[in-house]
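Asks: can you look at this prediction? I've put the sequence above it.
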Amino acid sequence: SQSQSQSRGGVWDASQLRPPSQEPRPPSRGRADAAEKRQKYFADLARRQHARESQELRERLSRRAESEMDQNDPRRSSPPRPATPPEVRQRREMAREREEQREEMERRKREMLKQPMTAADRERELVQAEMAANARRLSQQTIESANARANAADPSLAALSPRSRQQKLYLRDLEEQMRRRPPDGGGVSTGAIAGRRAPSYVPPDDGLDRKTQLEVLRRQRRERASQAEAAATRAAMDRQAREDKANEERARMARERAEQWERRKDAESEALGRMQREEQRRLATQRPAGAAVRRDVDHEGEFDPRNPPRHGRRAAAPRLSEYPYDTRQQQYQQHQGRSMEEEDEREAHARHQHAMQQRAYAQRQQHEQQQGGGGGGGGDSRREQLLRQMQGRQMRPPQGGGQQHHQQHDDGGGRDDEEMEYRRQMYARQQRAEQMEQMERQSRGGGGCGDFVPSRAFQGPRPGYVFKSGDRGTGYYADMVSARQRSREGGDDARGAREESDRRRAQQSQQSQEEEYHMRRRQQMQEEMRRAEHETQRRGHHHGGGAGMAAASKENYSQHGAQGGAYNSGAYNSAAEEMKRARERMTSHADQRGEAPARYGRRAAHPPGHGQGLRAY
């Protein structure tokens, strides 16, 4: 123990570590002692365990006896057990009967399968059964009447048991018959004694000659036959009745099933209605779509355990179980207020930006005018007209947030012929591309209808189609993007060709070149705008400005300068921004598959400077 305490105390010397061979062993007697002790210990353990178990058993038995006494105790307040309600019992009995019937049917079917049975067979079986029953009844009656007579004749028989009495009578009868037997050894009723049929003997006392006996027998046989016939008829009749009953039962079941189905359908549609109503109510009480709350951050800015962080989803709908109702409401209201302020700020910012851009642009234009001025009178006025148009186009913000409903822009000063020509070319090219696509589609066949080919599985890429499951089921949908892409490439080709011819043309004066530049520039812009408008229409995602905004024409702008209608939409940033965005949209690969979910509003719809991240915190 000393060395132990030393080692525990942290002092350690090598003498503590002895190799095992040198370890001193206790003397052998000690070992024997230990063994004995161990044995004693185990015996003791077993005894104790046994005692414990027997004790438990005794307790359990006494407990059970007590509980039984309790149960049998007449003073016990609760009834011994609830009686089975009669309808339940009835149900159980019916079920049991049905089960038995089913088993019977099964057995019958098995027999039938073993040996096919015709209707005649069945009939015959019935008749035989009936006859046997009749015979039994008849013999019983005969025996009983004989017994009664015998009893009346000698009362010593009445004391016997019915079985021995019958035996005695039978013997006596036999003797009688043997006595009355004609000397030739023949006899009518010996068959009965030999057990070939039910004993149909003539009672001994009427001394009938053989002929009368035969007649009696014949009459009995006739009666028996007619009885059997009646029985067969009866059997047929009640079989019919049984079948009718079964049919009626079946009909009733069917009726009940139909009613049940009706009831269930009603209940289901009712439940559906209720669910829809609840859904509508929930949508009505939900947070408005614009307000994205970071759901994993509490309003005090710390982690809220009731509201675990959700990763990988943009704006989850609020879980309605989260806070009690009123706090949720006021949470929305407060949030709404915040986001409104944000909107205002953002709008102010956008307006400011736009104004700055406009000013810069106007200055640049002026500068260019001063630089290029003085070359040729007529050309100059032409260029000024172009500039004016261009400026007008630049000054008005993209209408309704870049959503012109195929609006013809009236640029004052009418389009020049070349541009009209260019537009016409573009249009014709697009038409041609679409026609080609149509023809391709028809030649491919592909399930008849042009813009959708139903198909269960992806069967390899088809040019001009996307495989997706859309509103007409799964299959190949003609994607409009590719058609538009094609026509657009065509347009680019046309422009390239025209530029080539321009280059071939002799160099013109600086002034006319400049004019050309401005016109090109305007065309480019118009085309960009047209594309953007196409895109927004295709997306079907509309910003604030409606048709009213789009209809705001040039006069409106001149009347109330910068306060034109589209300013109130708050959804645009500036024409340049819009164009940049349009270009991005052209090239983003998700759109070329024709399926970009416009579900939560696009990323592009967020203002330029702010990410989607932590918004108001």
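Replies: Alright, I've got the coordinates. Predicted model, so just to flag it, every value in this text is computed and none were measured.
Asks: let me see the mean pLDDT of stretch 165-173.
Replies: Mean per-residue pLDDT for stretch 165-173: 82.
Asks: swap that for stretch 146-158, please
Replies: Averaging pLDDT along stretch 146-158 yields 73.
Asks: what residues sit buried inside it?
Replies: Judged by neighbour count (16 or more other C-beta atoms under 10 Å), stretch 146-158 contains these buried residues: Ala146, Asn147, Ala150, Leu157. Glycine gets a C-beta too; all of them are placed from N, C-alpha and C.
Asks: what would those residues look like in a markdown table with distance to Arg277 and secondary structure?
Replies: Below are the buried residues of stretch 146-158 laid out as a markdown table (distance: C-beta to C-beta, whole Å; DSSP: H, G, I helix; E, B strand; the rest coil):
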| residue | distance to Arg277 | secondary structure |
| --- | --- | --- |
| Ala146 | 87 | helix |
| Asn147 | 85 | helix |
| Ala150 | 90 | helix |
| Leu157 | 90 | helix |
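Asks: as TSV, the residues you listed with distance to Ala478 would be great.
Replies: Conversion of the buried residues of stretch 146-158 to TSV gives the following (distance: C-beta to C-beta, whole Å):
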residue	distance to Ala478
Ala146	104
Asn147	103
Ala150	109
Leu157	110
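Asks: so Tyr477 lies in a strand, does it not?
Replies: Yes: under DSSP: H, G, I helix; E, B strand; the rest coil, Tyr477 falls within a strand.
Asks: which ones are touching it?
Replies: Listed by C-beta atoms under 8 Å, 6 or more residues apart in numbering, the contact partners of Tyr477 are Asp451, Phe452, Tyr465, Val466, Phe467, Lys468, Gly470, Gly594.
Asks: the second one touches Arg472, doesn't it?
Replies: It stands for Phe452. Yes: using C-beta atoms under 8 Å, Phe452 is in contact with Arg472, at 5.1 Å.
Asks: quick one: which of those two has more around it?
Replies: Using other C-beta atoms under 10 Å as the criterion, Phe452 and Arg472 rank with Phe452 on top: 18 against 11.
Asks: where's the more buried one relative to Tyr465, distance?
Replies: Distance, Phe452 to Tyr465, by C-beta to C-beta, to the nearest Å: 9 Å.
Asks: touching both of the two, which residues are there?
Replies: Joint contacts of Phe452 and Tyr465 (C-beta under 8 Å, 6+ apart) are Tyr476, Tyr477, Ala478.
Asks: which one of these is nearest Arg388?
Replies: Of all the shared contacts of Phe452 and Tyr465, Arg388 sits closest to Ala478, with 42.7 Å by C-beta to C-beta.
Asks: quick one: the residue nearest to that closest one when sequence neighbours are not counted from Arg520, how far?
Replies: Distances taken as C-beta to C-beta, 6 or more residues apart in numbering put Asp451 closest to Ala478, at 4.1 Å, once the chain neighbours are dropped. Per C-beta to C-beta, Asp451 is found 36 Å from Arg520.
Asks: also Glu68?
Replies: With C-beta to C-beta as the criterion, Glu68 and Arg520 are 110 Å apart.
Asks: of these two, which one has the most company?
Replies: Shown here are Glu68 and Arg520; by other C-beta under 10 Å, Arg520 has more neighbours (14 against 10).
Asks: in the protein, which spans are strands?
Replies: Using DSSP state E, the strands assigned to the chain run over residues 452-454, 465-470, 473-478.
Asks: can I get those strands in JSON lines including mean pLDDT?
Replies: Listed next are the strands of the chain as JSON lines, based on pLDDT from 0 to 100:
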{"stretch": "strand 452-454", "mean pLDDT": "88"}
{"stretch": "strand 465-470", "mean pLDDT": "88"}
{"stretch": "strand 473-478", "mean pLDDT": "89"}
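Asks: I'd like the ones you listed as CSV, with distance to Leu61 appended.
Replies: Converted to CSV, these look like this (distance: least, C-beta to C-beta, whole Å):
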stretch, distance to Leu61
strand 452-454, 77
strand 465-470, 71
strand 473-478, 72
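Asks: any idea which of these gets closest to Met426?
Replies: Of the strands of the chain, nearest to Met426 by C-beta to C-beta is strand 473-478, at 21.3 Å.
Asks: make TSV out of the shared contacts of Phe452 and Tyr465 and add distance to Gln167.
Replies: Formatted as TSV, those follow (distance: C-beta to C-beta, whole Å):
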residue	distance to Gln167
Tyr476	98
Tyr477	100
Ala478	104
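Asks: please report how far Leu171 lies from Ala146.
Replies: Counting by C-beta to C-beta, the gap from Leu171 to Ala146 is 12 Å.
Asks: likewise for Phe458?
Replies: 96 Å.
Asks: please apply the same query to Ala576.
Replies: 129 Å.
Asks: which residues of the stretch 101-250 of the chain score low on pLDDT?
Replies: Where the stretch 101-250 of the chain drops to pLDDT under 70, the residues are 116-117, 181-208.
Asks: would you state the helices of it in chain order?
Replies: 119-153, 162-180, 190-193, 210-285 (DSSP state H, counting those that start in this stretch).
Asks: the ones you listed: which one's closest to Met105?
Replies: Among these, helix 210-285 comes nearest to Met105, with 11.3 Å by C-beta to C-beta.
Asks: could you check the angle the closest one makes with helix 119-153?
Replies: 120 degrees (axes from the mean of the first three to the mean of the last three C-alpha atoms, to 10 degrees).
Asks: mind giving me the packing neighbours of helix 210-285?
Replies: Judged by 3 or more C-beta pairs under 8 Å, 6 or more residues apart in numbering; DSSP states H and E, the packing partners of helix 210-285 are helix 119-153.
Asks: quick one: the helix it packs on to helix 162-180, angle?
Replies: 90 degrees.
Asks: point out the other helices and strands that helix 119-153 packs with.
Replies: helix 162-180, helix 210-285.
Asks: as CSV, those with mean neighbour count and distance to Arg488 would be great.
Replies: Below are the helices and strands packed on helix 119-153 laid out as CSV (neighbours: other C-beta atoms under 10 Å; distance: least, C-beta to C-beta, whole Å):
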stretch, mean neighbour count, distance to Arg488
helix 162-180, 13, 115
helix 210-285, 11, 40
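Asks: adding distance to Ala132, write those out as a markdown table.
Replies: Below are the helices and strands packed on helix 119-153 laid out as a markdown table (distance: least, C-beta to C-beta, whole Å):
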| stretch | distance to Ala132 |
| --- | --- |
| helix 162-180 | 20 |
| helix 210-285 | 10 |
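Asks: so which of the ones you listed is nearest Glu97?
Replies: Across these, closest to Glu97 is helix 210-285 (C-beta to C-beta), at 12.6 Å.
Asks: so who does Ala497 touch?
Replies: Residues counted as contacts of Ala497 (C-beta under 8 Å, 6+ apart): none.
Asks: try the one 5 residues further on
Replies: The neighbourhood of Asp502, defined by C-beta under 8 Å, 6+ apart, consists of Glu516.
Asks: heads up, I number from 650, so please use that
Replies: Shifting the count to begin at 650 puts that one at Asp1151.
Asks: what pLDDT does it get?
Replies: For Asp1151, pLDDT reads 70.
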